[in-house]
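# Test case, fold it:
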Amino acid sequence: MPAACQPQTGPEPGSRRQRHLGTSFTSGSPARHASGGVVGGSRQPYKTPTPAHPIEKRPTPVHFGACFFPTSYAISPAELGIALEERGFESIWLAEHSHIPASRTSAWPGGADLPQMYYDTLDPFVTLGAVGAVTTTLKLGTGIALVTQRDPIHTAKQVASLDVLSGGRVLFGVGAGWNLEEMSDHGTDPERRFGLMRERVEAMKALWASEVAEYHGSQVDFGPTYQNPKPLQLPHPPIHVGGVAPGGLRRAVAYGDGWIPIGGRTAVNGRELSDLRAEACGEVGRDPASLEISIYHAPPDISTIADLAEHGIERVAFGVPSEGRDAVLKVLDGYAEVMAAL
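So this is what the prediction gives:
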């Protein structure tokens with residue numbers, strides 16, 4: 001485990017640590033978010049469109065990630081993490097489904113038949129912990145975490161814990177989901193899921209940013225509380241919002257640090273994606289450079305990726321099959337050849 005992952009001594013419970021969060025925090029009346037939720041505490045979380053993680057100039061124009069459904073019959077998470085890091089990948093993104101109801105009638109957006117890996121996927125946070133334990137630079141992403149099916153207080157604890165133990169490598173991808181029966185089993189009203197997702201994200205931001213946090217919305221409500229540890233990344237790990245344009249992009253602009261469109265459901269065209277981002281950010285006065293774009297299941301095509309890089313698209317994530325070690329390593333070697341050509 002890297003040195004940054006080793007346990008560290010911290011302040012006494014309830015102490016008021018002062019942490020620089022890249023913006024000003026004041027005492028006083030609670031802050032009200034655009035969704036209607038009220039965030040309380042001695043420090044207010046940053047307000048979009050101010051970027052939580054300004055885009056930095058990088059030595060390479062595009063980051064390369066891998067999106068994966070971890071299952072018991074696929075390559076082990078530890079082996080996959082090591083293989084990705086050895087081949088120069090920047091990040092791994094793990095899918096989530098808590099269960100697939102046998103009575104499902106919701107149509108899968110990807111086609112007629114739901115692949116078996118959707119039924120069998122491992123928990124993403126447990127799996128990312130296993131990956132983080134054997135890697136040092138690979139960023140650990142949820143792609144995506146179904147926050148509409150998750151308790152925000154518990155999820156905030158999981159994200160912060162993973163960020164601390166991994167040395168600050170978490171990328172928090174979130175989404176509302178498409179399986180209406182699945183989310184209904186968690187007590188979520190499908191008709192209100194997008195508002196619920198925003199409130200839960202805002203509530204988690206409050207828990208990460210404030211020593212004493214509270215949140216009061218129409219669907220999420222809790223009084224003043226302590227939650228430690230805080231994430232290593234300030235004010236919190238980057239939040240990447242999944243979903244097709246225009247709705248998914250608008251939600252990313254409203255409360256995210258990045259947008260995750262899926263290749264095949266969104267045109268993988270550099271100019272079109274850049275224009276979509278500029279237009280959506282312009283509508284609310286946000287700097288487009290403050291919102292990353294990560295193409296999920298991007299085509300491993302050199303000319304396509306070169307076009308994305310030319311138009312400032314920050315990340316492509318290639319699909320990794322839920323198969324055994326030999327098959328997966330062969331696929332990764334092919335991706336590595338594409339990456340080397342760029």
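
# ok, now which ones touch D123?
The contact partners of D123, by CB atoms under 8 Å, 6 or more residues apart in numbering, come to E96. The way it works is simple: take the backbone N, C-alpha and C, and place the C-beta from them, glycine included.

# pLDDT value on it, please?
If you check D123, the pLDDT there is 98.

# Quickly note the distance from it to H97.
Using CB to CB, to the nearest Å, we find D123 at a distance of 10 Å from H97.

# and if you look at T127?
13 Å.

# who's more crowded, the two?
T127 (24 against 18; other CB atoms under 10 Å).

# Quick check: the more buried one touching E96?
No: using CB atoms under 8 Å, T127 is not in contact with E96; the gap is 9.8 Å.

# which residues are in contact with the lengthiest strand in the chain?
Counting residues, the longest strand found in the chain (DSSP state E) is strand 139-146. When contacts are defined by CB under 8 Å, 6+ apart, strand 139-146 is touched by residues 65, 67, 90-98, 124-125, 128, 131-132, 155, 162, 166, 169-177, 182-183, 240, 242, 260, 296, 317.

# Kindly provide the whole-number mean pLDDT of that strand.
98.

# got the phi/psi numbers for I262?
Backbone geometry at I262, expressed as degrees, to the nearest 10, gives phi -100, psi 130.

# Verify the contact between it and A298 for me.
No: the criterion here is CB under 8 Å, and I262 misses it with A298 at 9.2 Å.

# Neighbour count for those two, which is higher?
With neighbours defined as other CB under 10 Å, I262 and A298 compare such that A298 has more, 25 against 20.

# who does the residue lying closest to the more buried one once chain neighbours are set aside bridge with?
Using CB to CB, 6 or more residues apart in numbering and skipping the chain neighbours, the partner closest in space to A298 is V316 (3.7 Å). The residues listed as beta-bridge partners of V316 by DSSP bridges are F64, I295.

# Return the distance of V316 relative to N269.
Applying CB to CB to V316 and N269 gives a distance of 13 Å.

# and what of L234?
Distance from L234 to N269, by CB to CB: 34 Å.

# between the two, which one's more packed in?
The neighbour comparison of L234 against N269 (other CB under 10 Å) goes to L234, with 18 against 15.

# State whether that one is indeed within a strand.
No: read with DSSP: H, G, I helix; E, B strand; the rest coil, L234 is coil and lies in no strand.

# Got the phi and psi for it?
phi -110, psi 140.

# now do T225
phi -150, psi 150.

# okay, now the spatially closest residue to it that is not a sequence neighbour: neighbour count?
Leaving aside its chain neighbours, T225 sits nearest to A213 (6.0 Å; criterion: CB to CB, 6+ apart). As a burial measure, A213 scores 26 neighbours (other CB under 10 Å).

# and what of F64?
Count around F64 with other CB under 10 Å applied: 23.

# quick one: low-confidence ranges for this structure?
1-60 (pLDDT under 70).

# what's the residue closest to the geometric middle of it?
G173 (1.5 Å; CA atoms, centre = their mean).

# so T121 touches S98, yeah?
No: look at T121 against S98 with CB under 8 Å: they stay out of range, at 9.2 Å.

# Comparing the two, which shows the higher neighbour count?
T121 (23 against 15).

# Kindly provide the distance from that one to Y73.
Counting by CB to CB - T121 and Y73 are separated by 11 Å.

# Equivalent analysis for G282, please.
47 Å.

# now do L249
35 Å.

# between those two, which one's more packed in?
Legend: neighbour count by other CB under 10 Å for L249 and Y73, higher for L249 (25 against 10).

# How about that one, nearest residue that isn't a chain neighbour?
Counting by CB to CB, 6+ apart, the residue nearest L249 is A280, at 4.9 Å.

# Report how many residues lie close to that neighbour.
A280, neighbours per other CB under 10 Å, totals 21.

# What values do phi and psi take at it?
Torsion angles, degrees, to the nearest 10, at A280: phi -70, psi -40.

# so what's it up against?
A280 sits in contact with A245, P246, L249, R250, A252, V253, where contact means CB under 8 Å, 6+ apart.

# what residues are up against the closest residue to the first one other than its chain neighbours?
On the basis of CB to CB, 6+ apart, the spatially nearest residue to A245 that is not a chain neighbour turns out to be L276, at 5.4 Å. Taking CB under 8 Å, 6+ apart as the contact definition, L276 lies against A245, P246, L249.

# Buried residues of the helix or strand encompassing L276, list them for me.
According to DSSP states H and E, L276 maps onto helix 270-284. Neighbour-count burial for helix 270-284 flags G270, L273, S274, L276, R277, A278, A280, C281 (criterion: 16 or more other CB atoms under 10 Å).
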